[in-house]
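Student: Take this sequence and fold it.
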Amino acid sequence: MKKVMLSVSISALLFSASAFAKDFVLTDVAGNIEEANWQTTSGELGLTDAQPFSVTKKTLHGGKQEGSTLITIETKDLQVSLIPTRGMNILEIKSGDVRFGWTSPVDEIVNPAFINLEMRNGVGWLDGFNEMMVRCGYEWTGHPGRENDRLTSLHGRAGNTPASKVVVSIDDAAPHTIHVRGLLKENTFKLSALETWTELSVTPGVKAVKIHDELTNNSDYDRNYQIIYHSNFGTPILEEGAKFVAPVKEISPFNDYAKKGLKDWQTYLGPTKGYDEMVFNLVPYADKDGRTIAMIHNKAADRGIAVGFDTRQLPVLTLWKNTDTLKQGYVSGIEPGTSYAYPRQIERKQGRVKTLAADGRQSFDLEYRILTTSEEVKGIDSEITAITSGQKTN
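Tutor: Numbers count the residues shown, from 1 in each chain. Here you go, the predicted structure:
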């Protein structure tokens with residue numbers, strides 16, 4: 001398998017201060033590079049002073065996943081899979097025998113070449129929706145709508161944008177954190193010049209996945225942006241009696257249907273035929289540094305996942321409950337964002353559509369913490385209680 005090594009570190013280009021043992025360019029449109037199948041391991045790199053790991057890339061074949069690519073990071077504690085051809089989205093995280101993600105009726109990793117975002121009045125995005133985390137943005141997000149006589153399709157373009165550059169970098173010093181970076185371009189003549197360097201990091205020995213994204217407006221004009229990090233979880237975490245926990249300052253129903261669920265909005269039903277999507281708009285409390293965290297855990301409170309984020313970057317939170325049948329898609333979403341999921345014209349009236357100045361840059365930071373013991377669940381619950389600090393939910 002061919003490995004592409006850079007003689008000069010790209011860390012300056014990617015705004016990272018880390019020293020890397022190795023940099024591998026797997027995709028680069030400028031250099032006409034595409035490593036279809038590739039692998040490296042800690043052993044091959046001579047990194048024997050910390051826990052072992054491997055990083056693998058493969059190209060998928062058949063059906064609508066023809067040409068899709070998948071990168072998998074494996075450590076002792078975690079297996080993380082992400083999709084360069086689909087906005088660097090996270091397909092799933094596994095820890096031991098527990099999978100963090102969900103089972104969608106979409107059972108292939110669909111190549112965006114087979115997606116028509118404007119299909120069915122703007123909800124063609126659903127034809128590929130099956131990931132644990134999808135970037136919904138950045139030019140717009142939310143339900144379909146029309147502005148200036150143009151259709152804004154469901155949840156924007158980023159999640160169906162293949163990365164123009166993909167780089168795997170590994171820290172020189174133990175424990176040798178692994179970084180996967182991808183460049184997403186939302187460039188349209190006259191309308192958009194937004195580019196995002198995405199970064200996913202995994203540290204061997206740590207049951208967490210970190211996200212650091214840098215959005216840049218390369219235009220000579222100010223441009224709007226929106227983003228929702230659509231983070232989705234099904235069984236075995238989601239089940240009858242599972243619970244959502246977060247330091248919530250304000251809650252409101254997304255629509256009339258959601259009003260019916262306000263009394264028990266924190267708990268979940270088992271798979272229920274005829275259950276429509278129920279969505280709640282949340283404003284979270286945060287600590288003195290603007291950090292907050294939300295969690296879903298199972299009924300026994302011994303397994304769960306926590307999503308930490310910075311409210312200075314992502315001020316609102318959407319809770320999506322879709323406890324329909326298993327075949328239909330039994331799933332709940334924790335969705336930090338700059339906006340709620342209303343169409344952009346509605347979010348604009350509410351002042352939640354952000355503006356990025358010409359040549360401006362905005363970063364977004366999240367952390368997914370994997371919880372596989374009751375002690376870990378209790379630890380997150382204590383963090384949430386400390387953030388709330390006796391304050392009420394309105």
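
Student: Which parts of the stretch 201-350 of the chain are strands?
Tutor: With strands called from DSSP state E, counting those that start in this stretch, the stretch 201-350 of the chain shows them at 208-217, 223-233, 243-245, 248-253, 278-284, 291-297, 304-310, 316-323, 330-337.

Student: tilt between the fourth one and strand 316-323?
Tutor: Between strand 248-253 and strand 316-323, the angle comes out at 50 degrees (axes from the mean of the first three to the mean of the last three Cα atoms, to 10 degrees).

Student: Extract the C-alpha trace of strand 248-253 and format it as PDB.
Tutor: C-alpha atoms of strand 248-253 as PDB (Å, rounded to 0.1, in the frame of the first residue of the first chain):
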ATOM      1  CA  VAL A 248     -31.400  23.300  30.400                       C
ATOM      2  CA  LYS A 249     -32.200  27.000  30.900                       C
ATOM      3  CA  GLU A 250     -35.100  27.100  28.500                       C
ATOM      4  CA  ILE A 251     -37.200  24.600  26.600                       C
ATOM      5  CA  SER A 252     -39.900  25.100  23.900                       C
ATOM      6  CA  PRO A 253     -41.700  22.700  21.600                       C
END
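
Student: what pairs with that strand, and is each one parallel or antiparallel?
Tutor: strand 278-284 (antiparallel) (DSSP bridges).

Student: Mean confidence (pLDDT) on the partner strand, please.
Tutor: For strand 278-284, the mean per-residue pLDDT is 98.

Student: how many degrees apart are it and strand 291-297 in direction?
Tutor: Using the same axes, to 10 degrees, strand 278-284 lies at 150 degrees relative to strand 291-297.

Student: Can you check what angle separates strand 278-284 from strand 304-310?
Tutor: Going by the same axes, to 10 degrees, strand 278-284 makes 50 degrees with strand 304-310.

Student: hang on, the earlier thing: can you redo the strands of the stretch 201-350 of the chain as a markdown table with distance to Gln65 and mean neighbour count?
Tutor: (C-beta placed from N, C-alpha, C; glycine too.) Compiled in a markdown table, those are given as follows (distance: least, Cβ to Cβ, whole Å; neighbours: other Cβ atoms under 10 Å):
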| stretch | distance to Gln65 | mean neighbour count |
| --- | --- | --- |
| strand 208-217 | 23 | 20 |
| strand 223-233 | 19 | 24 |
| strand 243-245 | 32 | 19 |
| strand 248-253 | 37 | 17 |
| strand 278-284 | 29 | 20 |
| strand 291-297 | 28 | 23 |
| strand 304-310 | 26 | 24 |
| strand 316-323 | 23 | 22 |
| strand 330-337 | 20 | 25 |
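
Student: quick one: the helices in the stretch 1-150 of the chain?
Tutor: 119-122 (DSSP state H, counting those that start in this stretch).

Student: Tell me which residue lies nearest the centroid of the chain.
Tutor: Against the mean C-alpha coordinate of the chain, by Cα atoms, centre = their mean, the closest residue is Met133 at 3.4 Å.

Student: Is that residue bridged to anything, and to what?
Tutor: Beta-bridge partners of Met133, as defined by DSSP bridges: Ile90, Ser231.

Student: where in the chain is pLDDT low?
Tutor: 1-21 (pLDDT under 70).

Student: what ranges do the helices span in the stretch 151-300 of the chain?
Tutor: 256-259.

Student: Out of the strands of the stretch 201-350 of the chain, flag the one nearest Ser104.
Tutor: Ser104 lies closest to strand 330-337 among those, at 7.6 Å (Cβ to Cβ).

Student: Packing partners of that closest one?
Tutor: For strand 330-337, the packing partners by 3 or more Cβ pairs under 8 Å, 6 or more residues apart in numbering; DSSP states H and E come out as strand 223-233, strand 291-297, strand 304-310, strand 316-323.

Student: before we move on, back to that, in contact with the residue nearest to the centre of the chain, which residues?
Tutor: Neighbouring residues of Met133 by Cβ atoms under 8 Å, 6 or more residues apart in numbering: 89-90, 211, 229-232, 368.

Student: Dump those residues into TSV; add distance to Thr72 as well.
Tutor: Shown next, in TSV, are the contacts of Met133 (distance: Cβ to Cβ, whole Å):
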residue	distance to Thr72
Asn89	14
Ile90	11
Ile211	17
Tyr229	21
His230	21
Ser231	19
Asn232	19
Tyr368	16
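
Student: on that earlier part again, now for the helices and strands packed on strand 330-337, which one comes closest to Gln391?
Tutor: strand 291-297 (12.4 Å).

Student: The closest one pairs with which strands, parallel or anti?
Tutor: strand 243-245 (antiparallel), strand 304-310 (antiparallel).

Student: The nearest residue to Glu367 once chain neighbours are set aside bridge partners, please.
Tutor: Spatial nearest neighbour of Glu367, chain neighbours left out: Gly308 (4.2 Å); criterion: Cβ to Cβ, 6 or more residues apart in numbering. Beta-bridge partners recorded for Gly308 (DSSP bridges): Ile293, Glu367.

Student: Look up how far Asp365 lies from Gly308.
Tutor: Counting by Cβ to Cβ, to the nearest Å, the gap from Gly308 to Asp365 is 9 Å.
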